[in-house]
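1. compute the structure for the input listed below.
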Amino acid sequence: MSMRRTLKARRALATVAVTAGLALTVAGCGGDGGGKDQSSASSPATKDTAGDGKAQQSPAPAGDKVLAEVKGDDGIGLTVTSAVRDSGGFVTISGKVTNGSGKIWTPTSWAGDESELAGNSASMAGASLVDQTGKKKYLILRDTSGRCLCTKFVGAFQASEERTFYAQFPAPPASTKSVEFQIGDMPPATIDISDGQ
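-> Residues are numbered from 1 along each chain as shown. Reported below is the predicted structural model:
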């Protein structure tokens, strides 16, 4: 009888120890490791509205502050509302694209002509940052599968439709405060980079 109680006690103790260990493991993995909001240091979240062909991808532009606004010959407008240098070594550009052409428009030429980015049709993959002072051009970041770290537009833009975008690039040196954002046949947009957290 004493042997039976000992086995029950050992099982109960083992169960408590395993449960406590799992609880500590989950608590340890669930923290953010420093109290800072890490959402800005990781790839931006994307939100896709399925079924209607209108994808809203990217973090919402920071307020309504306009850093630069350019318009192409075909009536397409590009507004940059945020250009933030992150401590992780990259710059995130956010803003909106407006179809002012009066007809349906698909940004196929904006995907660029790099063969590595061929699977990013109708996206911001062809965007670049140009540092005129440092004489350098920064191409869009991409993952190991060749997917750009940028907005991929789903479906064509209807006339007068506006969509948000983001695009991530390697960060220029900290001394570089201003760059030109270029994409497709749009005129370059000169923007000032702010430092993030």
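2. and the protein, what are its domain boundaries?
-> Listed domain ranges for the chain are 1-31, 39-195 (source: automatic domain parsing).
3. could you tell me the least trusted of those domains?
-> Within those, confidence is poorest for domain 1-31, with a mean of 51 (mean pLDDT).
4. could I get the full set of strands for the protein?
-> Counting by DSSP state E, one finds strands in the chain at the ranges 46-47, 56-57, 68-71, 76-85, 90-99, 128-131, 136-139, 162-170, 178-182, 189-192, 194-195.
5. distance to A156 and mean neighbour count added to those strands, as a markdown table?
-> Glycine gets a C-beta too; all of them are placed from N, C-alpha and C. As requested, these are arranged in a markdown table below (distance: least, Cβ to Cβ, whole Å; neighbours: other Cβ atoms under 10 Å):
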| stretch | distance to A156 | mean neighbour count |
| --- | --- | --- |
| strand 46-47 | 19 | 12 |
| strand 56-57 | 15 | 18 |
| strand 68-71 | 19 | 16 |
| strand 76-85 | 12 | 21 |
| strand 90-99 | 9 | 22 |
| strand 128-131 | 24 | 19 |
| strand 136-139 | 26 | 16 |
| strand 162-170 | 11 | 21 |
| strand 178-182 | 23 | 19 |
| strand 189-192 | 23 | 17 |
| strand 194-195 | 33 | 12 |
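6. right, and those strands - which one's nearest K152?
-> Nearest to K152 among the strands of the chain is strand 56-57 (6.7 Å), distances taken as Cβ to Cβ.
7. now the strands of the chain in CSV, with distance to G112?
-> Below are the strands of the chain laid out as CSV (distance: least, Cβ to Cβ, whole Å):
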stretch, distance to G112
strand 46-47, 19
strand 56-57, 17
strand 68-71, 18
strand 76-85, 15
strand 90-99, 15
strand 128-131, 8
strand 136-139, 8
strand 162-170, 11
strand 178-182, 11
strand 189-192, 17
strand 194-195, 26
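8. for those, which one sits closest to T108?
-> T108 lies closest to strand 76-85 among those, at 12.4 Å (Cβ to Cβ).
9. the closest one vs strand 90-99, what angle?
-> 160 degrees (axes from the mean of the first three to the mean of the last three Cα atoms, to 10 degrees).
10. hmm, back to that, what's the closest of the strands of the chain to N120?
-> The closest of the strands of the chain to N120 is strand 162-170. By Cβ to Cβ, the value is 11.2 Å.
11. how many neighbouring residues does the closest residue to E116 other than its chain neighbours have?
-> In space, and not counting its chain neighbours, E116 is closest to G146: 4.8 Å by Cβ to Cβ, 6 or more residues apart in numbering. Look at G146: counted by other Cβ atoms under 10 Å, it has 14 neighbours.
12. quick one, what contacts G146?
-> Counting by Cβ atoms under 8 Å, 6 or more residues apart in numbering, G146 makes contact with 116-120.
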